[in-house]
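K.L.:
Show me the folded form of this:
(one chain, ligands or ions: 2)
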Amino acid sequence: MLKITNLHVFVEKTPILSGVSLVVKPGEVHAIMGPNGSGKSTLAYTLAGHPKYSVTKGNVKLDKHNLLEMTPDERARAGLFLAFQYPVEIGGVSVQNFLRAAYEAKFGPLKSIVEFREILRIEGEKVGVKKELLERNVNEGFSGGEKKRLEILQMMVLKPSVAVLDETDSGLDVDAIKTVARGVRAVIAAHNTGVIVITHYQRILKYLEPEFVHVMVKGNIVKSGGQKFGEELEKNGYTSYV
Ligand SMILES: Nc1ncnc2c1ncn2[C@@H]1O[C@H](COP(=O)(O)OP(=O)(O)OP(=O)(O)O)[C@@H](O)[C@H]1O
Ligand SMILES: [Mg+2]
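P.N.:
Ligands and ions are numbered 1, 2, ... in the order given. I've put the predicted structure just below:
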């Protein structure tokens, strides 16, 4: 379970988050919507432990852990996963070596590399990451959609207890949105993962069917509801909440 309580975050001297509270129980999907610049990615990066963001107040618990006292790699090992809004390129590191290193950091040494590669191939196929992509350097020259699919493959490999997906749907074609949503649902079904999905669009929510939809405005969650609420938001916009 992820429990965020009264989280205040500054970037340099600017306050961005001002008192965010949110509880994500195992197996639940929470969508966070809201205008550009309202602090959604800031929340994602803060949870992952990006050094640019300083927490001035509040706390975050991931199961029994005090998340904010942990380094980014400790957070990942404790079960937190972040899919980036803008996935980064890693030159000189192939996707399969990257995933293998990530897997071993979390679960210990692999028994068989050949077997792991086979798992990658099978899991990759499920979310449309082709075998050739596994051999290329991480995100180097990948199309927008390929990068987003790879984020989900990472999630499938790392089996997180809590996953934050920051605009994973942006840049995906209509079929890929379905594929990716199915991939996320499969991880939830297998590992009871709690998911926060940050998005601007209803189309991914149609397939993911979140139990909760929240609106973030100016660094805080100002209203929450169910899936119907998400549909209203897309239709009516955020003006009444700003
Ligand atoms: N280094 C910085 N200095 C000052 N302000 C910053 C810095 N980094 C981020 N911000 C500001 O923090 C605010 C929140 O940004 P964030 O990326 O969290 O928004 P978002 O809700 O994810 O938006 P979007 O929907 O466009 O992805 C923005 O106004 C952004 O300009
Ligand atoms: Mg963002």
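K.L.:
okay, Tyr201: pLDDT?
P.N.:
For Tyr201, the model assigns a pLDDT of 92.
K.L.:
I'd like to know how far Ala31 sits from ligand 2.
P.N.:
Distance of Ala31 to ligand 2, given as CB to the ion, to the nearest Å: 14 Å. From N, CA and C alone the C-beta is placed, and that goes for glycine too.
K.L.:
is any part of the helix or strand containing Val215 close to ligand 2?
P.N.:
Val215 is part of strand 212-217, with elements assigned from DSSP states H and E. No: Strand 212-217 is not in contact with ligand 2 by CB under 5 Å from the ion; minimum separation 10.1 Å.
K.L.:
just checking, what packs against that strand?
P.N.:
strand 29-33, strand 220-225, helix 227-236 (3 or more CB pairs under 8 Å, 6 or more residues apart in numbering; DSSP states H and E).
K.L.:
just so I know, which of those lies nearest Ile152?
P.N.:
Minimum separation from Ile152 across those (CB to CB) falls at strand 29-33, 14.1 Å.
K.L.:
Including mean pLDDT, distance to ligand 1 and mean neighbour count, could the helices and strands packed on strand 212-217 go into CSV?
P.N.:
As requested, the helices and strands packed on strand 212-217 are arranged in CSV below (pLDDT from 0 to 100; distance: least, CB to the nearest ligand atom, whole Å; neighbours: other CB atoms under 10 Å):
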stretch, mean pLDDT, distance to ligand 1, mean neighbour count
strand 29-33, 98, 9, 24
strand 220-225, 97, 12, 16
helix 227-236, 90, 13, 15
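K.L.:
Could you measure from the residue of the chain found nearest ligand 2 over to Glu132?
P.N.:
Proximity to ligand 2, evaluated over the chain using CB to the ion, is greatest for Ser41 at 3.1 Å. In this view, Ser41 and Glu132 are 30 Å apart by CB to CB, to the nearest Å.
K.L.:
Which residue of those two possesses the greater neighbour count?
P.N.:
Counted by other CB atoms under 10 Å, Ser41 and Glu132 do not tie: Ser41 has more neighbours, with 21 against 8.
K.L.:
got the phi/psi numbers for that one?
P.N.:
With angles defined as degrees, to the nearest 10, Ser41 sits at phi -70, psi -30.
K.L.:
For it, give me its contacts.
P.N.:
Gln85, Asp166, Ile198 (CB atoms under 8 Å, 6 or more residues apart in numbering).
K.L.:
just those that are near ligand 2?
P.N.:
Applying CB under 5 Å from the ion, the subset of these adjacent to ligand 2 comprises Gln85.
K.L.:
Let's see which of the contacts of Ser41 end up in strands.
P.N.:
Asp166, Ile198 (DSSP state E).
K.L.:
As CSV, the contacts of Ser41 with neighbour count and pLDDT would be great.
P.N.:
Formatted as CSV, the contacts of Ser41 follow (neighbours: other CB atoms under 10 Å; pLDDT from 0 to 100):
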residue, neighbour count, pLDDT
Gln85, 17, 91
Asp166, 23, 96
Ile198, 24, 97
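K.L.:
Nearest to ligand 1 among the contacts of Ser41?
P.N.:
The closest of the contacts of Ser41 to ligand 1 turns out to be Gln85 (CB to the nearest ligand atom; 5.9 Å).
K.L.:
and this protein, which residues reach ligand 1?
P.N.:
Contact residues (CB under 6 Å from any ligand atom) of the chain with ligand 1: 11-12, 14, 16, 34, 36-42, 85.
K.L.:
and those residues, which are buried?
P.N.:
By neighbour count, with 16 or more other CB atoms under 10 Å, the residues of the chain next to ligand 1 hold Val11, Ile16, Gly34, Ser38, Gly39, Lys40, Ser41, Thr42, Gln85 as buried.
K.L.:
and the longest helix anywhere in the chain, what does it pack onto?
P.N.:
In the chain, taking DSSP state H as the definition, the longest helix is helix 174-191. Other elements packing on helix 174-191 under the criterion 3+ CB pairs under 8 Å, 6+ apart are helix 113-126, helix 144-158, strand 162-166, strand 194-198, helix 202-208.
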